[in-house]
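>>> Structure for the following, please:
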Amino acid sequence: MSNLPTSGNQRPASYAIFSALFAVILFSLTVPMTQMALGQFSPMLIATGRGAIAGALALGVVVMNRWSLPVLKAWPWLIITGMGIVVGFPYLIGVSMEHVPAADMGVVLAGLPLITALMATLTHQERHPPSFWGVASAGCTLLIFYMIHTLDQLPELQPQTLGVIVAALIFGGLGYSAGAKAAKLIGGWQTICWTLALYSPVTIPLFIAQLHQNASTLSFNATAVYPVLALLYLAIFSQFLGFRFWYQALATGGVGKISQLQLLQPFFSLAFISMMFQQAIGLDQILFCLLIVACVLASMKPGLLKTLISKAVISKAAKSKTTASVPNGTKLNTPRVDAIH
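Reported below is the predicted structural model:
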C-alpha cells in the first residue's frame, strides 16, 4: 500500500486543531499514569514497556495494512523521532518523577510547547514574528505561575534532577518536531507506527529483560492492577494512539503554532481529576485557563490580538464621535429591544 501522506489541503484548517486537542486530552493523563505505574515498576521498565507494547501494536497495524517501506527521506526523521519520544522522553520523565511529584512536574513540563517551537525553527525552518514568541513565552510563564500558585511554593529540584528534566524537555521537543517532519512525508499514522516498529527490536527484548530482572520485586495482588492498567494506558494511548493525531496536526497546522495547544494540557488533567475525584474547580483556575486560552489563540493567529484591539479602539472612537455630535438634551430615537425579531 502507498505511503503517501494525508494532504492537509484536503481537510479544513480546523481539522489540525481538533486533532491536536484530542491528542492533548490523551496526553493529559501521562504524568498521573506514570506516577501510578511507578508504584510497581521502575522507570526503565515503564519506558521499555511503553515502547514494547505500543511497538507490538504498531507492527500489527503495519502488517495488516501491508504498507510499503517509507520513502528514504523519512528514515532519518523516524530515527530521530524514536530517540525523542520512544527512548529519551519516557525514560527521563520516569527517572525524574522518582524525585519530583506529579504536581511539580506540571511546572517544568510547561516549557515543552516553547521548546517544540524552538526545535521547529531548526527542523522545519519555521519563522515566526516576535509577537508569536512573546505570546508563547507569556503562555508558558502563565502556566508556570499557575502551577506555583497551586502548589504555594516553588518545586524543590536538585541540580541533577533539573538536568534530567531539561534533557527530557529537549528530547520531547525534538521528537515532536522530527515526527511532524516525517508526517509531512508519510502521514501521521504511518509516522508513529513506523517509528515504534523501527525501535521494537530494541524495546521488546529490553522490556522482557526488565521483567525478568524485576521479577522478584513485582507483586501480583489486587493493588498491582492499577499500575498495570496505568502502564497499558501509557503504551496504548500516550505512546501510540495519541501520536497518530498529534503528528498529523503538527504536520498540517504548523509545529510552532499547534504545539502551543499543549499549554492546555494541565487544565485537561484538572478536569479529569475533578470528574474522577469530585474535586471542585475554583474561580482562579478558570481565570488562568481563560488567560492561557487567549495566549494559545493569539499564538496561533498572530494578527488576532491586534485585530481585536484595533476593533475595540475604533468602536470606542466611533462611540465618542457619536456622543459628541448629539446636542445636549437631544434624545436619540432608538428601537425598542423587544420589537426586534
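>>> Show me what secondary structure element comes after the longest helix seen in the chain.
Criterion DSSP state H: the longest helix present in the chain is helix 159-186. Elements were assigned by DSSP states H and E; along the chain past helix 159-186, the next helix or strand is helix 188-213.
>>> Can you spell out which helices and strands pack onto that next one?
Contact here means 3 or more Cβ pairs under 8 Å, 6 or more residues apart in numbering; DSSP states H and E; on that basis helix 188-213 packs against helix 43-65, helix 74-82, helix 159-186, helix 242-253. From N, CA and C alone the C-beta is placed, and that goes for glycine too.
>>> quick one: the third one to helix 74-82, angle?
Helix 159-186 runs at 150 degrees relative to helix 74-82, counting by axes from the mean of the first three to the mean of the last three Cα atoms, to 10 degrees.
>>> still on that earlier bit, which parts of the longest helix of the chain are buried?
161, 164-165, 167-186 (16 or more other Cβ atoms under 10 Å).
>>> For Ala120, find the nearest of the helices and strands packed on helix 188-213.
Shortest separation from Ala120 across the helices and strands packed on helix 188-213 is recorded for helix 159-186, at 4.8 Å, computed as Cβ to Cβ.
>>> OK, contacts around the nearest residue to Gly84 once chain neighbours are set aside?
Excluding its sequence neighbours, the residue lying closest to Gly84 (Cβ to Cβ, 6 or more residues apart in numbering) is Gly175, at 2.1 Å. Contacts were defined as Cβ atoms under 8 Å, 6 or more residues apart in numbering; by that measure Gly175 touches 80-86, 88-89.
>>> out of those residues, which one sits closest to Leu26?
Within the contacts of Gly175, the smallest distance to Leu26 is 13.5 Å, found for Ile85 (Cβ to Cβ).
>>> State the distance from the nearest residue to that closest one once chain neighbours are set aside to Ser259.
Ranked by Cβ to Cβ, 6+ apart and with sequence neighbours excluded, the top spatial neighbour of Ile85 is Gly175, at 3.6 Å. Shown here: Gly175 relative to Ser259, a distance of 12 Å by Cβ to Cβ, to the nearest Å.
>>> swap in Ala183?
Distance, Ala183 to Ser259, using Cβ to Cβ: 13 Å.
>>> Please enumerate the shared neighbours of these two.
Leu250.
>>> hey, where'd the helices end up in the stretch 201-341 of the chain?
225-233, 242-253, 255-259, 265-277, 283-300, 302-325 (DSSP state H, counting those that start in this stretch).
>>> one step back: now the helices and strands packed on helix 188-213 in a markdown table, with distance to Leu263 and mean pLDDT?
Converted to a markdown table, the helices and strands packed on helix 188-213 look like this (distance: least, Cβ to Cβ, whole Å; pLDDT from 0 to 100):
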| stretch | distance to Leu263 | mean pLDDT |
| --- | --- | --- |
| helix 43-65 | 24 | 94 |
| helix 74-82 | 22 | 95 |
| helix 159-186 | 14 | 85 |
| helix 242-253 | 14 | 89 |
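>>> Quick one: closest of those helices to Thr217.
Going by Cβ to Cβ, the one of the helices and strands packed on helix 188-213 nearest Thr217 is helix 43-65, 10.0 Å.
>>> residues contacting the nearest residue to Ala20 once chain neighbours are set aside?
Of all residues not flanking Ala20 in the chain, Ala249 sits nearest, at 3.7 Å (Cβ to Cβ, 6+ apart). If you count contacts by Cβ under 8 Å, 6+ apart, Ala249 has them with 15-17, 19-20, 23, 188, 258.
>>> The same query, at a cut-off of 7 Å, please.
With contacts defined as Cβ atoms under 7 Å, 6 or more residues apart in numbering, Ala249 is in contact with 16, 19-20, 23, 258.
>>> Trp194 too?
70, 78.
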